[in-house]
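A.B. asks: following is a predicted model, sequence given first.
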Amino acid sequence: MAGNYPTAMLHGLGRFGLHWLRAWLDRPESGVRLIAIQDVHHSLASALRMLQGEAKPSFADCAIRAEDNCLCILKRGRKALRIPYWHGPAMTSPWLGQADWWLECSGAFSNGVASRPFLLGRTRRVIVSATCPGADQTLVFGHNDTTFDHAAGVLSYGSCTVNAFVPLAAWLHAEYGVVDAEVGVIHNVPAYKLSTHAHPQRRACTLEAEGPRLLPFLLPERFRVDYVLIPYTGVSLIDFRFDLARAVDEALLLDALEHACVAGPLQGLYALDARDAAPPAYAMRAESAVLLRQRARLRARLRGGRLVLPACFDNENSATRYLDLLESLVLQGA
């Protein structure tokens, strides 16, 4: 990689960090140079075992070894990588302040106050892999990423559910007018949390606050999210319901939606699959949500219509949107 590319420090090699690293390895011309990885939970030996044995995401196409406190990664199509690895608390890292970007993917610093101390030395930006109260900006790729404020230091990419909902809702509103909306989420848990999540649990979802904040047409009192965490490690489900202001034929709307996904403003962000292939088929899909045309329904109302769009989403692979956002900001000179 060119030495003049912006540099990044990846903090957190949990589920999100692993998916980000996989996506980054698959983009040799991403425009970002990873200079180090650090994690408070995983030693270098532990990280090596994880990468060599991981099934999702799989690194089976990479030769990976540990050497001199570095992860050495060889992948066809990429220059051999030698990435320094630090195991310890973030604020004691020798890499603190050494990269242009601090990639906050640990889940431990997901508010503006906690993340701001990473803005020191060379580091001008922190991007948090979660909704982040107190962030200078929340930027959702494909929605408002081009509105980057160069004065912003702490940025949030939203969340897996924010990315799954916001660009779709914005497109539907532009085309048909969205009066109100609901989202139902059946969300997985990582395998290591199964023992502490023996039963389904209803939780608050940050999308319920972030949706209206990012979409001014959506009034908080006309938006609801039902979020259930279940003891299951596979691909998650997300179902959308929109009340539309304008009447439209179901087939025409779904055809327009498919075109938007294939060659329009939703390209790469969503797919509209003809049939429901069941959740395992959607593992590692890069889209923020895969909409299921077979299960979609549009019912006419006195005014407008009610659209139901069931979908699947690999919430952990939302790290792909995080990388997309990072690349977009780099191109803007962030």
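C.D. replies: Cool, got the structure.
A.B. asks: output the below-cut-off pLDDT ranges for the stretch 51-200 of the chain.
C.D. replies: Low-confidence segments of the stretch 51-200 of the chain (pLDDT under 70): none present.
A.B. asks: for it, what spans make up the helices?
C.D. replies: Along the stretch 51-200 of the chain, the segments classed as helices by DSSP state H, counting those that start in this stretch run 112-115, 160-176.
A.B. asks: can you give me the buried ones in the first one?
C.D. replies: Judged by neighbour count (16 or more other C-beta atoms under 10 Å), helix 112-115 contains these buried residues: 112, 114-115. Just so you know, the C-beta spots here come from the backbone N, C-alpha and C atoms, and that holds for glycine as well.
A.B. asks: and stretch 61-74, by the same measure?
C.D. replies: Within stretch 61-74, the residues that qualify as buried by neighbour count (16+ other C-beta under 10 Å) are 62, 64, 66, 70-73.
A.B. asks: who's in contact with that stretch?
C.D. replies: Under the criterion C-beta atoms under 8 Å, 6 or more residues apart in numbering, residues 25, 37, 44-45, 47-48, 51-52, 59, 75-76, 80-86 lie in contact with stretch 61-74.
A.B. asks: got it, and stretch 267-285?
C.D. replies: When contacts are defined by C-beta under 8 Å, 6+ apart, stretch 267-285 is touched by residues 56-57, 141-142, 163, 167-168, 234-237, 254, 257-258, 260-261, 286-295, 310, 312-314, 317, 321, 324.
A.B. asks: at 6 Å instead, please
C.D. replies: Counting contacts by C-beta atoms under 6 Å, 6 or more residues apart in numbering, the residues outside stretch 267-285 that touch it are 142, 167, 234-235, 257-258, 261, 287-295, 312, 314, 317.
A.B. asks: which among the contacts of stretch 61-74 count as buried?
C.D. replies: When burial is judged by neighbour count using 16+ other C-beta under 10 Å, the buried members of these are 25, 37, 44, 47-48, 51, 59, 75, 81, 84-86.
A.B. asks: re the thing from before, tabulate the buried residues of stretch 61-74 (CSV), appending distance to C132.
C.D. replies: Supplementary listing: the buried residues of stretch 61-74 in CSV, determined by distance: C-beta to C-beta, whole Å:
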residue, distance to C132
C62, 31
I64, 31
A66, 32
C70, 30
L71, 27
C72, 33
I73, 29
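A.B. asks: quick check: the farthest pair among those residues?
C.D. replies: Comparing all pairs in those by C-beta to C-beta, the longest separation belongs to C62 and C70, at 14.4 Å.
A.B. asks: confidence score at G3?
C.D. replies: If you check G3, the pLDDT there is 57.
A.B. asks: on that earlier part again, among the contacts of stretch 267-285, name the ones in helices.
C.D. replies: Here DSSP state H is the test, and the contacts of stretch 267-285 give 167, 257-258, 261 as lying in helices.
A.B. asks: mind putting these into CSV with distance to D100?
C.D. replies: Output for the ones in helices among the contacts of stretch 267-285, formatted as CSV (distance: C-beta to C-beta, whole Å):
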residue, distance to D100
P167, 27
L257, 38
E258, 39
C261, 33
